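Visitor: structure for this input, please:
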Amino acid sequence: MKAAIYDECYRDIVAIWRDEGGKSLDDIALMATINSVLAHRFEVNG
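Guide: Model prediction:
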């Protein structure tokens, strides 16, 4: 189950990288984008 979610996240991140000009994003913007994708896919147990 988690593997499928990680695959979806990877595809989403690659799409953002490709479509949003990922090469022009600075490191902080890129990490924030990746964090956002992961946070929306995985439930946080607090």
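Visitor: so what touches stretch 18-35?
Guide: With contact meaning Cβ atoms under 8 Å, 6 or more residues apart in numbering, stretch 18-35 is reached by 13, 16-17. To be clear about C-beta, it is placed using only N, CA and C from the backbone, and glycine gets the same treatment.
Visitor: which stretches of this structure aren't confidently modelled?
Guide: For the chain, the stretches with pLDDT under 70 are 21-23, 44-46.
Visitor: all strands for it, in order.
Guide: Along the chain, no segments are classed as strands by DSSP state E.
Visitor: now the helices for it?
Guide: Secondary structure of the chain (DSSP state H): helices located at 2-19, 27-41.
Visitor: adding mean neighbour count, write the ones you listed out as TSV.
Guide: Below are those laid out as TSV (neighbours: other Cβ atoms under 10 Å):
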stretch	mean neighbour count
helix 2-19	12
helix 27-41	12
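Visitor: perfect, that will be all.
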